[in-house]
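**Q** Okay, here's the prediction I keep looking at, along with the sequence it came from:
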2 protein chains.
Amino acid sequence: MLLTIDLSSDQPIYMQIRNGIVTGIASGQLQDGDALPSVRTLGAEIGVNLHTVNKAYKLLQNEGFIEIQRSRGTFIKAGNAAKSAADFLQTSGDQLRAIVSEAITRRIDRAVLHHMIDHQYDELEGNEP
Amino acid sequence: MLLTIDLSSDQPIYMQIRNGIVTGIASGQLQDGDALPSVRTLGAEIGVNLHTVNKAYKLLQNEGFIEIQRSRGTFIKAGNAAKSAADFLQTSGDQLRAIVSEAITRRIDRAVLHHMIDHQYDELEGNEP
DNA sequence: CTATCTGTTATACTATATGTATAACACAAG
DNA sequence: CTTGTGTTATACATATAGTATAACAGATAG
């Protein structure tokens, strides 16, 4: 299955769903136009309420990752680059700063972080057709 | 001032305090043995309740960054490498994975993330004596 | 010893976020 | 008309975050 949900995680379920979809897009498992399960179906599959799924879908829609068509379904949206790189830098800059700060206090070299990033890139891009 | 608090941030105040201290240690502004303001003093300075500061201090204590001495004060703790690198990798791995996933969907090259990380390293390490 | 400054604990209250639950509504497709 | 979409509206429970007040316990300075 695409999504693995951890109820005991500190991360909200709707964010886990959202991140799973984004990762699916990034890895190429989800292509432009692909249909997503309905809120009720996905909710039943992973054992959560339809509102929790709906919250994730709404978030993804606002972020431009998916397109919701009333009465028809939800689909991966063409043009995932809707959010610009600048937007990304602003959103993730603080997170990266926090990670680097902790890395330095733990005497972890920047090369380690470079390697971790390359690993994620290779793992996600490698699945692209 | 070392700490800048944004009340409208999505990040809790106590986490902002905690991250500020960690960043201070990472940048060398806070050295082993340095005394931190009391919970009441710091609370008054940044305009929050003493319990909010206390929560940040407790967290930092559990993480091994500071040492709390009852009736005496709170001090930067020797041996910040208490938490091992493995611990760090596990904690930050998921965050990095999410960041890389989004970067890929936004067609952002890995070199951009490398540069962002180097920038943070240089900025934080550059202040060390 | 006394006063003061530490952190600590306890309690209560508000606000927000998260998740569940149920029901009904609106619209497209068969 | 029936079914399957997403949508909206409530209501409820729980956890987190933050504030507020008060009192307690121990170290230190006077």
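**A** Noted; the coordinates are in hand.

**Q** which residues are in contact with the helix ranked longest in chain A?
**A** Scanning chain A for the longest helix, with DSSP state H as the assignment, gives helix A:85-105. Helix A:85-105 is touched from outside by A:110, A:112-113, B:19, B:22-23, B:25-27, B:65, B:80-81, B:88, B:91-92, B:95-96, B:99, B:102-103, B:106-108, B:112-113, B:116-117, B:120-121, B:124-125, with contacts defined as C-beta atoms under 8 Å, 6 or more residues apart in numbering or on different chains. All C-beta atoms are positioned from the backbone trio N, CA, C, and that covers glycine.

**Q** May I see the buried residues of the lowest-mean-pLDDT helix or strand in chain A?
**A** When each helix and strand of chain A is scored by mean pLDDT, DSSP states H and E, helix A:85-105 comes last, with a mean of 78. Residues A:88-89, A:92, A:96-105 are the ones in helix A:85-105 that count as buried (16 or more other C-beta atoms under 10 Å in any protein chain shown).

**Q** Would you tell me whether the very next helix or strand once past that helix gets close to chain B?
**A** For helix A:85-105, the following helix or strand on the C-terminal side (DSSP states H and E) is helix A:110-125. Yes: contact of helix A:110-125 with chain B (C-beta under 8 Å from any C-beta of the partner chain) involves A:110, A:112-114, A:116-118, A:120-121, A:124-125.

**Q** picking up where we left off before, could you flag which of the contacts of helix A:85-105 are buried?
**A** A:110, A:113, B:19, B:22-23, B:25-27, B:65, B:80, B:88, B:92, B:96, B:99, B:102-103, B:106, B:108, B:113, B:116-117, B:120-121, B:124.

**Q** From A:Ile117, how far off is the residue of chain A positioned farthest from its centre?
**A** Distance from the centre of chain A peaks at A:Arg107, with 29.6 Å (C-alpha atoms, centre = their mean). Distance of A:Arg107 to A:Ile117, given as C-beta to C-beta, to the nearest Å: 19 Å.

**Q** Same check on A:Phe88?
**A** 14 Å.

**Q** Over to A:Ser71?
**A** From A:Ser71 to A:Ile117 the distance is 42 Å (C-beta to C-beta).

**Q** Likewise for A:Ile46?
**A** 29 Å.

**Q** do the same with A:Arg106
**A** Counting by C-beta to C-beta, the gap from A:Arg106 to A:Ile117 is 17 Å.

**Q** Not counting its neighbours along the chain, what's nearest A:Ile17?
**A** A:Ala56 (3.8 Å; C-beta to C-beta, 6 or more residues apart in numbering or on different chains).

**Q** Now do the same contact list for that neighbour.
**A** Contacts of A:Ala56 (C-beta under 8 Å, 6+ apart): A:14-15, A:17-18, A:21.

**Q** next structured bit after whichever strand or helix holds it?
**A** Secondary structure from DSSP H and E places A:Ala56 in helix A:50-62. Later in the chain than helix A:50-62, the nearest helix or strand by DSSP H and E is strand A:66-69.

**Q** can you pull the buried residues of that next one?
**A** A:66-68.

**Q** from those residues, which single one is nearest chain B?
**A** A:Ile66 (11.7 Å; C-beta to the nearest C-beta).

**Q** about what we covered before: how confident was the prediction at the residue nearest to A:Ile17?
**A** Looking at A:Ala56, its pLDDT stands at 95.

**Q** Next: the one 4 residues further on.
**A** Reading off the per-residue confidence, A:Leu60 sits at a pLDDT of 91.

**Q** A:Gly73 now?
**A** 95.

**Q** Need the phi and psi values for it.
**A** phi 150, psi -170 (degrees, to the nearest 10).

**Q** That one pairs with what?
**A** A:Gly73 has these beta-bridge partners by DSSP bridges: A:Gln69.

**Q** what's the spacing between it and DNA strand D?
**A** 5 Å (C-beta to the nearest atom of the strand, to the nearest Å).

**Q** Verify the stated contact: that residue with A:Val39.
**A** No: using C-beta atoms under 8 Å, A:Gly73 is not in contact with A:Val39; the gap is 10.0 Å.

**Q** Fine by me, thanks again.
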